[in-house]
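Novice: Build me a model from this:
(chains A and B)
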Amino acid sequence: MPSNADAAEAARLLRYGLQPRLVPANDDQYTELVRRYRVDTDFRTLVEHVAIGLGLEVMDAGQFGVVLGAPRDGPFAYRLAEHRRRTNVGYEERLLHGLCFLAVAVRCFPQPAMLEEIEVRRVSVAAVDDFMRAVCEELRRRHGNADPRDDQPELEQAWRIWLRRNAVRQTPDGRRTPSSTRGMLSQVFELLDEQGMVQRRSDEEGGVYVTRTRFRLQVRELAATEGFQMLREVAVGVDGTPSDGTGA
Amino acid sequence: MASPAPRSPVGMEPSAGSDERAATESPFARRLKALLRTVPFHELEATKPYRSGDWDAYDLRALALLAVDTVVDHMEIDRGIGFHAIVAVLEDAASRVVAGRDADELRTVATTVVEHLLNEDAGRSARPLRYVDLSGEGQAVWQRSDVRILVEHEERDGSISLRATPEAINVLVGAIDVDVASQQEADEVLLEVQLRRGRVQSAEQLAQRARLLSVQYTERLRRQLDMAQQDLERIDWDGALERELDEAYRHLDDCMAREQRILAYAWRMQEAADTTEQREILAATAMAVDECLGRHLRLHRELMPARRSLLAEQERQRLSAPVSLTLPPALLSEILDPLLCLPALMAAKVSDVFTTAVVGPITPRLLQLDALVAALLQPRVARDMTPGDAEPRVLVDQATLDQIFDDESRRRVHDVLLRATASGPARLGDVVDASRTPDGSGMLIADLCVLTSLWAYAAETYDSADGDVDLATAGITAECDGRPLPDHGPYRGDDLVLRRAEAT
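Specialist: Numbering: from 1, shown residues only, chains lettered A, B, ... in the order given. Modelled structure (predicted):
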């Protein structure tokens, strides 16, 4: 039976986990709590239950800290509208924003085996954008360039939406607009940086970043699997059969 | 869509040259592979002519070797040299060869060398190099050896640093594929013998090599501990780690005892040496051995808690249910490609799920009521509005303005406005409509009409010496009757009623 002190410690470990840029090596108490989580089964179970109650999910705890997931219906889930301080964000903007995250992950870990490697990866705004354009251009080649129906914009295939956006657009005073794909990618990288998942290395190529372990774990443990599952569910709705991986 | 392939259990990482595969390789194949490890160095030099700029003066092979040397020198169990620091070292080295070159060029050269060693062009994957082992009797086949020179790691304190791979260190220790632990033992035994025989020159060489081997050994063990700590649930627990750790303890104990003996002997010899040269060589030998000893001591200290927690974890896993070991789906072929082919609305549902999962938890910002009330009740700070304190903001400079609106367009706007108001008051909305042309070329005139009318409605204070901003307002006044502008075009807000000045 866990004591009150144990419950406080479990919650404290989750509090550390909500500060993604903090690493145990720089905090003795954090180090001790991570060690306890790893070796004390009762404590581990307690932490996991406190997390569930809060609307969190513990995915990993190790030398890089506690890696948490935030289920979509919980209070900690990231919502684009809240981030933009707006009441609502249209599906097109949400899609492009999500594609940016996916594109960064694909560019860093094109093969599943790479999600197992502990090496740091380097990635830049320009490289991700060029990569996405090449992927979308290839889809244009495969699917043909027939124009979509004007009265049902939501049926337009996703690759067309990426290609329709300019890579770079500048305001008259030289600032890059956030509506261009590179502008959106810059914002996505900044958010990943705030979340302790990448580190900015230089300003070249629109911003060069290197990945942190936390990003790899977040993609491997949660995003890849959940994205894949949702894709399967959605694909069933498109053609009545599960997707076969060649697109809907 | 293919279901994810089963994830194979990840065992202990094979050590360079000491795994079973290496043991069955012919000496010919091992020497050939040692040669292959220098390929990245030669590639750099060979591709020099194809790079933009005059790179002929730089010895890129030497810079690459210096990069590996420097990385190795900084490799400790929990820290190493960072990317910017190694680039700075190479920049400095390059500047010693070519004086007076541009700093940007030096940085580009240095960065190119480091990124080539990281194999940046191929997404940092290992270089697959092919070779044929011709030592056997039968049919010879092409084989593949994966070569990596430098890699980047996140350290425990969150910093990111470079590390040389065991293959790269092999290049430095004499291009021979060796079993690190046994080679280190052999070298140190030989070093002791050489010292006793008074062969100080070869003793120093051996000491330097022992130093590199200790770095290599540390790195090997560190990678294994890292893998084990990060991927405990994927470790193939058959006692391999326990055996490795016990073996590492024994090896380190032996090494440290021997190094202390060699050190004591080297110091005694140094005191008794006849020549300065001998004394210097012995001092260098002692320093190298001392570095080995320090490194092994730190490693020994590190092993103790790691071993304790890993074994506790192992015990826990023996008692708990086995976890499913499957590879995550391929992000490109199994998620991105099919997603991009979906209709946008459905694709957004999938990308939403991916986004929430990858970003992780965001701590909600809570509104602090007391702080909000205090802020709202605070008396307004009286601002000093004395004109002239603040620099006037120049939104668009005169030169740009002149480029956009030339004299001809000003004259046309003047005509448009005077014509429109010739027979009485006119509405700005109508004037804008009238000045537009189907091909869009009238937009400029419409823009200028709006600006002119705004100026006539509420002219800003300006100094006429600043330039000709009064443009065409001379004959026009404007006032607002509260009706909005017709809702089309880029303009928003109240419509204005324009009149000729003499008519009011």
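
Novice: Could you pull up the residues touching residue 70?
Specialist: No chain specified, so I'll use chain A. Contact analysis of A:Ala70 by CB atoms under 8 Å, 6 or more residues apart in numbering or on different chains lists A:Gly55, A:Leu56, A:Glu57, A:Phe76, A:Ala77, A:Tyr78, B:Thr356, B:Val359, B:Gly360, B:Pro361, B:Ile362. C-beta coordinates here come from the backbone N, C-alpha and C atoms, glycine included.

Novice: My question was about chain B, not that one.
Specialist: B:Ile81, B:Ile86, B:Val89.

Novice: The one helix or strand it maps to: which residues count as buried?
Specialist: Using DSSP states H and E, the element containing B:Thr70 is helix B:60-74. Burial within helix B:60-74, assessed by neighbour count using 16 or more other CB atoms under 10 Å in any protein chain shown, is assigned to B:Leu60, B:Arg61, B:Leu63, B:Ala64, B:Leu65, B:Leu66, B:Ala67, B:Val68, B:Thr70, B:Val71, B:Val72, B:His74.

Novice: ok, the residue in the stretch 251-400 of chain B that chain A sits nearest to - how many residues close by?
Specialist: Nearest residue of the stretch 251-400 of chain B to chain A: B:Ser351, at 2.5 Å (CB to the nearest CB). B:Ser351: 29 surrounding residues under other CB atoms under 10 Å in any protein chain shown.

Novice: Where does it sit: helix, strand or coil?
Specialist: helix (DSSP: H, G, I helix; E, B strand; the rest coil).

Novice: now it: how far from A:Leu99?
Specialist: 6 Å (CB to CB, to the nearest Å).

Novice: show me where chain A has helices.
Specialist: A:4-17, A:28-39, A:41-54, A:80-83, A:91-108, A:125-143, A:158-164, A:181-194, A:213-218, A:224-239 (DSSP state H).

Novice: distance between the longest one and the chain's centre?
Specialist: Relative to its parent chain, helix A:125-143 has a centroid offset of 20 Å by CA atoms, centre = their mean, to the nearest Å.

Novice: so what secondary structure elements neighbour that helix?
Specialist: helix A:91-108, helix A:158-164, helix A:181-194, helix B:337-341 (3 or more CB pairs under 8 Å, 6 or more residues apart in numbering or on different chains; DSSP states H and E).

Novice: for the first one, packing partners?
Specialist: Looking back up the chat, that one is helix A:91-108. Contacts defined by 3+ CB pairs under 8 Å, 6+ apart place helix A:91-108 against helix A:80-83, strand A:122-124, helix A:125-143, helix A:158-164, helix A:181-194, helix A:213-218, helix B:337-341, helix B:344-359.

Novice: can you do 7 Å?
Specialist: Using 3 or more CB pairs under 7 Å, 6 or more residues apart in numbering or on different chains; DSSP states H and E as the contact test, the elements touching helix A:91-108 are strand A:122-124, helix A:125-143, helix A:158-164, helix A:181-194, helix B:344-359.

Novice: and it, what's its mean pLDDT?
Specialist: For helix A:91-108, mean pLDDT is 92.

Novice: which ones are touching the residue nearest the centre of chain A?
Specialist: Geometric centre of chain A, nearest residue: A:Phe101, 5.1 Å, by CA atoms, centre = their mean. With contact set as CB atoms under 7 Å, 6 or more residues apart in numbering or on different chains, A:Phe101 has these partners: A:Val188, B:Phe354, B:Thr355, B:Val358.

Novice: what about 10 Å?
Specialist: A:78, A:185, A:188-189, A:191-192, A:219, A:223, A:227, B:351, B:354-359 (CB atoms under 10 Å, 6 or more residues apart in numbering or on different chains).

Novice: OK, now which residue of chain A is nearest to chain B?
Specialist: Going by CB to the nearest CB, chain B is nearest to A:Gly98 of chain A, at 2.5 Å.

Novice: returning to that earlier point: burial-wise, tell me which of the helices and strands packed on helix A:91-108 comes out on top.
Specialist: helix B:344-359 (a mean of 25; mean count of other CB atoms under 10 Å in any protein chain shown).

Novice: could you say what helices and strands it packs with?
Specialist: Judged by 3 or more CB pairs under 10 Å, 6 or more residues apart in numbering or on different chains; DSSP states H and E, helix B:344-359 is in contact with strand A:65-69, helix A:80-83, helix A:91-108, helix A:158-164, helix A:181-194, helix A:213-218, helix A:224-239, helix B:337-341.

Novice: Sweet, I'm off.
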